[in-house]
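Chemist: Model the structure of this input:
(chains A and B)
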Number of protein chains: 2
Amino acid sequence: MRSKPPAVLVLVFDVFGTVVDWRGSLVREGRKLGRAKGLKVDWEAFADAWRAGYRPAMARVRSGELPWRTIDALHRMILDELLKQFGIEGLGEEEVQQLNRAWHRLRPWPDARAGLSRLKRDHVIATLSNGNVALLTALSKFGALPWDCILSAELFRHYKPDAQVYLGAAALLDVPPRRLMMVAAHKDDLHAAKACGLRTAFVRRPLEFGRRARPDLKDEPAFDVNADDFLDLARKLARGR
Amino acid sequence: MRSKPPAVLVLVFDVFGTVVDWRGSLVREGRKLGRAKGLKVDWEAFADAWRAGYRPAMARVRSGELPWRTIDALHRMILDELLKQFGIEGLGEEEVQQLNRAWHRLRPWPDARAGLSRLKRDHVIATLSNGNVALLTALSKFGALPWDCILSAELFRHYKPDAQVYLGAAALLDVPPRRLMMVAAHKDDLHAAKACGLRTAFVRRPLEFGRRARPDLKDEPAFDVNADDFLDLARKLARGR
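Modeler: Numbering: from 1, shown residues only, chains lettered A, B, ... in the order given. Presented below is the predicted three-dimensional model:
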């Protein structure tokens, strides 16, 4: 008889794209700023370029080329380039800071708050994001997300998918990796978590990159759960108990 | 004209004694265990001895005599001694672990949940305790405490009153120390926070050490606020806005 896998105790969540709609939120903030300042900018392209700068910037930290810095600082570094590239002029330092903090005001996906509240009944739920602690705290307060705990790559001074992040979360929450489940809309995050012995849940977010994008949304048997949203994840975890 | 002090943005809370009634909770758990196992123990003396072992144990970590270990581990080290001292026999390893985790099930003071919910409306609220992350997370879930963020001495590998803890919290929450207020029932914690530039709120907890204790509950002008409980703190902070 095959032994049943251990019950999941703790769920840790990727945040950008998995819990919150970064693209729609940035576009909304950009358009608002554009109207206020009379800017003609393609804010969808701007949002995509901002996000596209994120991995290369993190890679420079992960490789040791740049010393540790937070996502807030990396976002600002990318933003300063984009302002030039998109010909955005006339913003004061306070306005640029305010724009950079758009990442603190990302809206949750429609199912996120209700789904997390449901999952919180039977599990400890925590963030496990590359976003820094201050960003995740502000974002969660903005979106009224009911986390039990905020965990961030910043606490380990390593960015996902470095193993230190997944194993560090297990250590701080004092559970063996097999009792910890990584929840993400990104398969690379889940594969890295799985390689550390964590359990994995893939949640489809078809609109993360906009209506025209065609992200990989296929079920993957390697993951413990494949779900359509957090409510579906809650149903599937409850069934497995 | 004296300039008004900056508005507080973020409140960080001592937990044991300030938010939760460790003594009453431990005594309750001890008595329950005593009935179940037929033990004759003075559980008030037991709880006091457990707590009394905490400072010397942390001092051994702070001095470098012991390598870093969590409060869960220090509690267990003290507990193993107390079981001998109080002549408690016949507990299996699982039962001793369960008793050690009594610190994960401490009840909030009667005003704590409502007071924190009120304070959360206008401020970021976070723990800043010597308890480890897993302990604080479990405790907060047990007591339904609505933190925005769980911060612990464990994240800095320094115990309060080391400056690294207070300044580390300001760094992680990305606020200058003067925008951060330490809330505690213990004056030494507040004096150490103040020395790091934090603002301070003293909250009286007359029953922390039981009905017969006579703790120092006097207002102290050196602190920004002296309050009777969290609801009183909320009123006083709202008035200062």
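Chemist: show me the residues around A:D14 that make contact.
Modeler: A:D14 makes contact with A:128-129, A:160, A:182-186, A:189, according to Cβ atoms under 8 Å, 6 or more residues apart in numbering or on different chains. Where you see a C-beta, it was placed from the backbone N, CA and C, and this is true even at glycine.
Chemist: among those, who's most crowded?
Modeler: Neighbour tally across the contacts of A:D14 (other Cβ atoms under 10 Å in any protein chain shown): the maximum, 31 neighbours, falls on A:L128.
Chemist: now that residue, what's its secondary structure?
Modeler: Per DSSP: H, G, I helix; E, B strand; the rest coil, the local secondary structure of A:L128 is strand.
Chemist: doesn't A:L151 make contact with it?
Modeler: Yes. Assessed by Cβ atoms under 8 Å, A:L128 is found in contact with A:L151 at 5.1 Å.
Chemist: returning to that earlier point: near chain B, from the contacts of A:D14?
Modeler: Applying Cβ under 8 Å from any Cβ of the partner chain to the contacts of A:D14, one finds that nothing falls near chain B.
Chemist: rewinding a little: which neighbours do A:L128 and A:L151 share?
Modeler: A:12, A:169.
Chemist: ok, now which ones touch A:A192?
Modeler: So A:A192 contacts A:160-161, A:163, A:166 (Cβ under 8 Å, 6+ apart).
Chemist: surely A:E220 meets A:A201?
Modeler: No. Using Cβ under 8 Å as the test, A:E220 is too far from A:A201 to be in contact (10.7 Å).
Chemist: Restricting to C-alpha, output the lowest-mean-pLDDT helix or strand in chain A in CSV.
Modeler: Least confident helix or strand of chain A, by mean pLDDT, DSSP states H and E, is helix A:54-62 with a mean of 92. Taking C-alpha atoms only, helix A:54-62 is exported to CSV below (Å, rounded to 0.1, in the frame of the first residue of the first chain):
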residue,chain,number,x,y,z
TYR,A,54,13.2,42.5,-12.9
ARG,A,55,14.7,39.2,-13.6
PRO,A,56,18.0,40.6,-15.1
ALA,A,57,18.3,43.0,-12.2
MET,A,58,17.8,40.1,-9.7
ALA,A,59,20.2,38.0,-11.7
ARG,A,60,22.9,40.6,-11.1
VAL,A,61,22.3,40.3,-7.3
ARG,A,62,22.1,36.5,-7.4
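Chemist: just checking, what packs against that helix?
Modeler: helix A:71-85 (3 or more Cβ pairs under 8 Å, 6 or more residues apart in numbering or on different chains; DSSP states H and E).
Chemist: Put the alpha carbons of the helix or strand that the helix it packs on is followed by into PDB.
Modeler: Proceeding N to C from helix A:71-85, the next assigned helix or strand is helix A:93-100, under DSSP states H and E. Extracted C-alpha coordinates of helix A:93-100, given in PDB (Å, rounded to 0.1, in the frame of the first residue of the first chain):
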ATOM      1  CA  GLU A  93      11.600  63.100  -6.900                       C
ATOM      2  CA  GLU A  94       8.500  62.700  -4.700                       C
ATOM      3  CA  GLU A  95       6.400  61.800  -7.800                       C
ATOM      4  CA  VAL A  96       9.000  59.200  -9.000                       C
ATOM      5  CA  GLN A  97       9.000  57.700  -5.500                       C
ATOM      6  CA  GLN A  98       5.200  57.600  -5.500                       C
ATOM      7  CA  LEU A  99       5.300  55.800  -8.900                       C
ATOM      8  CA  ASN A 100       7.900  53.300  -7.700                       C
END
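Chemist: Could you dump the contacts of A:D14 into TSV with secondary structure and pLDDT added?
Modeler: Below are those laid out as TSV (DSSP: H, G, I helix; E, B strand; the rest coil; pLDDT from 0 to 100):
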residue	secondary structure	pLDDT
A:L128	strand	98
A:S129	strand	98
A:K160	coil	96
A:M182	strand	98
A:V183	strand	98
A:A184	strand	98
A:A185	coil	98
A:H186	coil	98
A:D189	helix	98
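Chemist: can you give me the strands for chain A?
Modeler: Using DSSP state E, the strands of chain A run over A:10-13, A:20-21, A:107-108, A:124-129, A:149-152, A:180-184, A:199-203, A:225-227.
Chemist: Compare the contacts of A:A192 and tell me which is most surrounded.
Modeler: With neighbours defined as other Cβ under 10 Å, the most crowded of the contacts of A:A192 is A:Y166; it has 26 neighbours.
Chemist: Next, find the distance separating the closest residue in space to it that isn't next to it in sequence from chain B.
Modeler: Spatially, and ignoring its direct neighbours in sequence, A:Y166 is nearest to A:C196 (4.2 Å; Cβ to Cβ, 6 or more residues apart in numbering or on different chains). From A:C196 across to chain B, the span is 18 Å (Cβ to the nearest Cβ, to the nearest Å).
Chemist: again, but for A:P161
Modeler: A:P161 is 22 Å from chain B, by Cβ to the nearest Cβ.
Chemist: A:A52 too?
Modeler: The gap separating A:A52 from chain B is 25 Å, by Cβ to the nearest Cβ.
Chemist: ok, that residue - contacts?
Modeler: A:A52 neighbours (Cβ under 8 Å, 6+ apart): none.
Chemist: A:L39 reaches A:L99, doesn't it?
Modeler: No. A:L39 is beyond contact range of A:L99, at 11.0 Å (criterion: Cβ under 8 Å).
Chemist: Between these two, which has more neighbouring residues?
Modeler: A:L99 (21 against 18).
Chemist: nearest spatial neighbour of the more buried one, skipping sequence neighbours?
Modeler: Sequence neighbours aside, A:L33 is the residue nearest to A:L99 in space, at 6.3 Å (criterion: Cβ to Cβ, 6+ apart).
Chemist: So for the one you found, what's the pLDDT?
Modeler: Per-residue pLDDT puts A:L33 at 96.
Chemist: Residue numbers of chain A in contact with chain B?
Modeler: When proximity is defined as Cβ under 8 Å from any Cβ, chain A approaches chain B at A:70, A:72, A:124, A:126, A:132-134, A:136-138, A:140-141, A:148-150, A:154-155, A:172-175.
Chemist: So which of the residues you listed are in helices?
Modeler: Among the residues of chain A next to chain B, the residues falling in helices (DSSP state H) are A:72, A:133-134, A:136-138, A:140-141, A:172-173.
Chemist: what's the overlap in contacts for A:E220 and A:A201?
Modeler: In contact with both A:E220 and A:A201: A:190, A:226, using Cβ under 8 Å, 6+ apart.
Chemist: So if I had to pick from those two, which one is more boxed in?
Modeler: Taking other Cβ under 10 Å, A:E220 and A:A201 do not tie; A:A201 has more neighbours (24 against 12).
Chemist: Centre of the chain to stretch A:214-226, how far?
Modeler: Here stretch A:214-226 is found 17 Å from its chain centre; the criterion is Cα atoms, centre = their mean, to the nearest Å.
Chemist: Nothing else from me, thank you.
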